[in-house]
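In: Return atomic coordinates for the entry below.
(one chain, ligands or ions: 1)
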Amino acid sequence: MNPLSEKNKTLFSNIEVDAVFLRTREDLPDSNVSYFTGLTKQFLSNHALILKPKAKPLLLKSILEPAVKIPALRVKRIDRRKQFKTVLKKELKGVKKIGINKPLYSSAFLREIKKIADKKKLVDVSSAMASQRATKSMYDVLNIATACKIVESVAEKIPRFFKKGMTEKQLALKIEILLREKGEDILPFPVIVASGKNAAFPHHVPLDKKIKNGLVLFDFGCYYKNYCSDISRVFSVGKPTKKQKQLYAGVFATKQYSQALVKPGVVCGQLFDKADKFLKKQTGISLIHGLGHGLGVDAHDFPSGFLHGNKKKLEPGMVLTVEPGIYGKFGGIRIEDDVVVTSAGCKQLTKAPTELLLL
Ligand SMILES: [Mn+2]
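Out: From the prediction side, this is the model:
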């Protein structure tokens, strides 16, 4: 079965509604629209999507947007102000219950939908969509695996294109070009290049700062056919100190330890606690962020991930990052790989180097 039809079928086997209405806007994107249409986000700025159990999904596009042709979709280009409500009313004729992604919408927008829906019942189907997205199909995993291959090949090339005197920004731009050449035109998040003390901030923004001898932390991802990858790597410019090597080894050991614990039935929060304890023993430093997050059409997808207190249990088909990190006056070391949960454990989709590599 076509992967999109399969997603549609799975959704309606889990919810009791006659149709699902989704909307994505530039200021309020809904990744479920990408998930059910297979379109990457640059093609989805202002759209509505209507899903029905036994029909092809209908994508309503503004006449301002480029046309797309996808066999598994019905695509209608409309003048949003004039035709939107008329088309919607026609499409929702005979429908009694409409599923919506309620938590995403503002109260003003909900009022608007209620008006269009008239006396039809609106049902929040957000959690059903979230759990469907958490467990990846073979199609999803294959695309994520390809996105992983792309980021890995770019990471491996860094020592080849890095030159002494380059700034963080220059290096980030070079990486972005390679990622966009091999993957999709958009990136799931801006490339992070953090050198020296800047790496103490996990979400550092690359600066016009020349990279000097010391550690450099990279964190980047790419899209392949609508699915993300996300990795973090640390390199050393010049010979690393003994302490730096030890810290890297401690973080790497924590990543290996955590991955070895990943298997169906494991409670995400408990895995976080174990990894945190292990990391503290290895390096003397605790985690200041989650150990990892779900990966899919979003870089932070479902399940929410390895966070303290998260009672969610792992299931086969879930794809997550495993990314222990330590931060301090020395800067930061974070090593991030992506894994897919299998029936017995997990399969690594990326593979970080076992020791600090030189730039
Ligand atoms: Mn990540």
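In: Show me what the helix or strand harbouring residue 9 packs onto, helices and strands only.
Out: Assigned by DSSP states H and E, residue 9 belongs to helix 3-14. Secondary-structure packing of helix 3-14 (3 or more Cβ pairs under 8 Å, 6 or more residues apart in numbering; DSSP states H and E): helix 31-37, strand 47-52, strand 55-62, helix 126-134, helix 138-161. All C-beta atoms are positioned from the backbone trio N, CA, C, and that covers glycine.
In: any idea which of those is most buried?
Out: With neighbours defined as mean count of other Cβ atoms under 10 Å, the helices and strands packed on helix 3-14 peak in mean count at helix 31-37, which reaches a mean of 24.
In: chain center to it, what's the gap?
Out: 13 Å (Cα atoms, centre = their mean, to the nearest Å).
In: Equivalent analysis for stretch 155-164, please.
Out: Centre-to-centre, stretch 155-164 and its host chain are 25 Å apart (Cα atoms, centre = their mean).
In: Other residues contacting that stretch?
Out: The contact list for stretch 155-164 (Cβ atoms under 8 Å, 6 or more residues apart in numbering) reads 171, 174-175, 178, 211, 218, 231, 233, 235, 237, 357-359.
In: Show me what whichever helix or strand comes after the helix holding residue 9 is packed against.
Out: Where DSSP H and E defines the elements, the next helix or strand beyond helix 3-14 is strand 19-24. Helices and strands touching strand 19-24, by 3+ Cβ pairs under 8 Å, 6+ apart, are helix 31-37, strand 47-52, strand 97-100.
In: List the buried residues in the lowest-mean-pLDDT helix or strand in the chain.
Out: Lowest by mean pLDDT, DSSP states H and E among the helices and strands of the chain is helix 80-91, with a mean of 83. Of all the residues in helix 80-91, those buried under the rule 16 or more other Cβ atoms under 10 Å are 80, 83, 87-88, 91.
In: Name the helix or strand for residue 76, please.
Out: If you go by DSSP H and E, residue 76 is part of strand 74-78.
In: And for residue 39?
Out: Assigned by DSSP H and E, residue 39 belongs to neither a helix nor a strand.
In: Correct me if wrong: it contacts residue 223.
Out: No: with contact defined as Cβ atoms under 8 Å, residue 39 does not count as touching residue 223 (11.1 Å).
In: Between these two, which is the more surrounded one?
Out: More neighbours surround residue 223 than the other of residue 39 and residue 223, with 25 against 22 (other Cβ atoms under 10 Å).
In: Now do the SS call for the residue nearest to residue 357 when sequence neighbours are not counted.
Out: Leaving out its chain neighbours, the residue that sits closest to residue 357 by Cβ to Cβ, 6 or more residues apart in numbering is residue 235, at 5.4 Å. Recorded secondary structure, residue 235: strand (DSSP: H, G, I helix; E, B strand; the rest coil).
In: the strands in the stretch 151-300 of the chain, which residues?
Out: Ranges of strands in the stretch 151-300 of the chain, per DSSP state E, counting those that start in this stretch, are 192-195, 214-220, 223-224, 227-228, 231-237, 292-294.
In: Present those strands as a markdown table; the columns should include mean pLDDT.
Out: Formatted as a markdown table, the strands of the stretch 151-300 of the chain follow (pLDDT from 0 to 100):
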| stretch | mean pLDDT |
| --- | --- |
| strand 192-195 | 98 |
| strand 214-220 | 98 |
| strand 223-224 | 96 |
| strand 227-228 | 97 |
| strand 231-237 | 98 |
| strand 292-294 | 98 |
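In: Include distance to the ion when you put these into JSON lines, please.
Out: Shown next, in JSON lines, are the strands of the stretch 151-300 of the chain (distance: least, Cβ to the ion, whole Å):
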{"stretch": "strand 192-195", "distance to the ion": "10"}
{"stretch": "strand 214-220", "distance to the ion": "7"}
{"stretch": "strand 223-224", "distance to the ion": "14"}
{"stretch": "strand 227-228", "distance to the ion": "9"}
{"stretch": "strand 231-237", "distance to the ion": "7"}
{"stretch": "strand 292-294", "distance to the ion": "6"}
